[in-house]
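S.K.: Have a look at this prediction, sequence included:
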Amino acid sequence: MKSRILGFIIMMFCGGALTLMTFGQRGGPPPQLPRYLPSDKKFDPHDLAGVWTRNSSRLGYGGGGTCPDCGDRGFSNDVPPFTPLGQKMFDANKPSYGRNLGTPDAAAHPEEHIGRRRAVPPSNGTDPYQYCNPMGVTRALIYPDPIEFIVQKGRIYQHFMWGYGIRPIYTDGRKLPDEPDQPRWWGYSVGHWEGDTFVVDSTGHDERTWV
């Protein structure tokens, strides 16, 4: 029994030594490849496929809450005058995140957009996303999170990685419907190219979508 154990130990030692010799002969790990390899493929400005993002490093988390010059998510803090309907909707929409409404903490941060300084307790919030509804286009576009474009024949999908929403954009030449069958969180969208600019027209958005 002892001879078997001794033989096993010798075999393991020899195997380890052989492995070290092999690595030594190879001269260590292989050289790292360049991060970006040159390509002879001609650039196609109409190929949107891939993940798109913007440099949000100076905007802070959420796209602008810590940037005194650009306000929250890049918007100015100069809130334009509301129409009567706009004021009614603004007052009715109550976020449950940000700085609490009417607190010294909210008053101490005038550089942040007013929308981030009027939070209420979650039980009183009316944010559609709080109730597991989609974000909608108008809201998803203001966040700095990446957007993936998935290109297929006759349509392009926008995959918003904040909220994980999918927006189809039809590119098969169809027109917008005069009366969409029902409101949609991501709207009903058609797209076409004007030179190197991809133009999207959209209608039929659900009125519950926040901006």
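M.R.: Here it is on my side, so go on.
S.K.: going on from the least confident helix or strand in the chain by mean pLDDT, what's the next piece of helix or strand?
M.R.: When the helices and strands of the chain are scored by mean pLDDT, DSSP states H and E, helix 2-26 comes last with a mean of 51. Reading on from helix 2-26 to the C-terminus, the next helix or strand found by DSSP states H and E is strand 50-52.
S.K.: Which strands border that following strand, and is each parallel or antiparallel?
M.R.: Note on strand 50-52: by DSSP bridges, its sheet partners are strand 147-152 (antiparallel).
S.K.: in the strand it pairs with, what's buried?
M.R.: 147-149 (16 or more other C-beta atoms under 10 Å). Where you see a C-beta, it was placed from the backbone N, CA and C, and this is true even at glycine.
S.K.: cool, stretch 114-125 as well?
M.R.: Buried, per 16+ other C-beta under 10 Å, within stretch 114-125: 115-120, 125.
S.K.: ok, now stretch 155-171?
M.R.: Buried, per 16+ other C-beta under 10 Å, within stretch 155-171: 155-156, 158, 160, 162, 165, 167-171.
S.K.: so where's the protein shaky on pLDDT?
M.R.: 1-28, 35-36, 55-78 (pLDDT under 70).
S.K.: same thing but 50
M.R.: Residue ranges of the chain with pLDDT under 50: 8, 13, 18, 20, 23-24, 58-72.
S.K.: gap between the most centrally placed residue in it and Val51?
M.R.: With distances taken as C-alpha atoms, centre = their mean, Asp145 lies nearest the centre of the chain, 2.7 Å away. As for Asp145, its distance to Val51 is 10 Å (criterion: C-beta to C-beta, to the nearest Å).
S.K.: and for these two, which residues touch both?
M.R.: Common neighbours of Asp145 and Val51, using C-beta atoms under 8 Å, 6 or more residues apart in numbering, are Met161.
S.K.: Helices of this protein, start to end?
M.R.: 2-26, 84-92, 104-107, 137-140 (DSSP state H).
S.K.: tally of neighbours for Ala108?
M.R.: 11 (other C-beta atoms under 10 Å).
S.K.: cool, and Val79?
M.R.: 12.
S.K.: for it, what are its contacts?
M.R.: Ile114.
S.K.: what does Asp47 give?
M.R.: Counted by C-beta under 8 Å, 6+ apart, Asp47 has contacts Val151.
S.K.: my read: Val190 touches Val199, true?
M.R.: No. Between Val190 and Val199 there is no contact under C-beta atoms under 8 Å: 9.3 Å.
S.K.: So for these two, which sits in the more crowded spot?
M.R.: More crowded of Val190 and Val199, by other C-beta under 10 Å: Val190, with 20 against 10.
S.K.: now the buried residues of strand 147-152 in a markdown table, with distance to Leu85?
M.R.: Formatted as a markdown table, these follow (distance: C-beta to C-beta, whole Å):
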| residue | distance to Leu85 |
| --- | --- |
| Ile147 | 30 |
| Glu148 | 35 |
| Phe149 | 34 |
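S.K.: Just give me the closest of those residues to Pro31.
M.R.: Pro31 has its nearest neighbour among these in Glu148, at 31.7 Å by C-beta to C-beta.
S.K.: The closest one touches Trp162, doesn't it?
M.R.: No. Checked against C-beta under 8 Å, the pair Glu148 and Trp162 is beyond contact range at 11.6 Å.
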